[in-house]
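*Asks:* task: produce atomic coordinates for the following.
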Amino acid sequence: MSQENVEIVRQIAELFSAGDPDRYWRYVSEVFAPDVEWRASAEDPDAATHHGREAYRRYVEQWQESFEGLRADVEEYIDVGDDRVLVWVRWTGRGSASSLDVEWWLAIIWTVHNGKVVQGEEYFDRGEALQAVGLAE
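*Replies:* Residues are numbered from 1 along each chain as shown. Next up is the predicted model:
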């Protein structure tokens, strides 16, 4: 099952960066549980826990509005067991207000149970994310 979870997360990331929002959101509606819980990083200016697919969509669309050409390139997928996949993602885009090119990294712990994403947890610090899943750098 864990390789299937990695593939679900891989497909989400690939569709996000493919530039076809309709395909991305269709897939999200298929693989995200209706009551998904998404926790933005504590350091995020919009730090919050988002409940449900619509709340997740609003959160993502807010980021897409803030950054032109927002792209997520996953540098690493780690199957950490317990239905969880940790990804290390390089984000790039251009600030909509500033017109500055930006780049940052984000670790996301995805929990996928029975083929459905039930939780996402974001961390700006890779070491903190590894610790959260019981791994040390």
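*Asks:* which strand or helix spans the most centrally placed residue in the chain?
*Replies:* Note on the chain: the residue nearest the mean C-alpha position is residue 108, at 5.5 Å, using CA atoms, centre = their mean. Assigned by DSSP states H and E, residue 108 falls within strand 101-113.
*Asks:* helix/strand/coil for residue 62?
*Replies:* Under the three-state scheme (DSSP: H, G, I helix; E, B strand; the rest coil), residue 62 adopts helix.
*Asks:* relative to residue 40, how far out is it?
*Replies:* 10 Å (CB to CB, to the nearest Å). C-beta here means a position set from N, CA and C on the backbone, and glycine is covered the same way.
*Asks:* compare neighbour counts for these two and give me the winner.
*Replies:* residue 40 (18 against 10; other CB atoms under 10 Å).
*Asks:* how close does that one sit to residue 10?
*Replies:* Noted for residue 40: a distance of 22 Å to residue 10, by CB to CB.
*Asks:* can I get the strand ranked longest in the chain as PDB, trimmed to CA atoms?
*Replies:* Using DSSP state E, we find that the single longest strand of the chain is strand 67-81. The C-alpha coordinates for strand 67-81 follow below in PDB (Å, rounded to 0.1, in the frame of the first residue of the first chain):
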ATOM      1  CA  PHE A  67       2.800  34.000  -7.000                       C
ATOM      2  CA  GLU A  68       2.700  34.000 -10.800                       C
ATOM      3  CA  GLY A  69       3.900  30.700 -12.300                       C
ATOM      4  CA  LEU A  70       3.800  29.000  -8.900                       C
ATOM      5  CA  ARG A  71       5.600  25.700  -9.300                       C
ATOM      6  CA  ALA A  72       6.300  22.800  -7.000                       C
ATOM      7  CA  ASP A  73       9.200  20.500  -7.800                       C
ATOM      8  CA  VAL A  74       9.500  17.500  -5.500                       C
ATOM      9  CA  GLU A  75      13.100  16.700  -4.800                       C
ATOM     10  CA  GLU A  76      12.400  13.700  -2.600                       C
ATOM     11  CA  TYR A  77       9.700  11.300  -1.700                       C
ATOM     12  CA  ILE A  78      10.100   9.300   1.500                       C
ATOM     13  CA  ASP A  79       7.700   6.500   2.400                       C
ATOM     14  CA  VAL A  80       7.700   6.800   6.200                       C
ATOM     15  CA  GLY A  81       5.100   4.100   7.000                       C
END
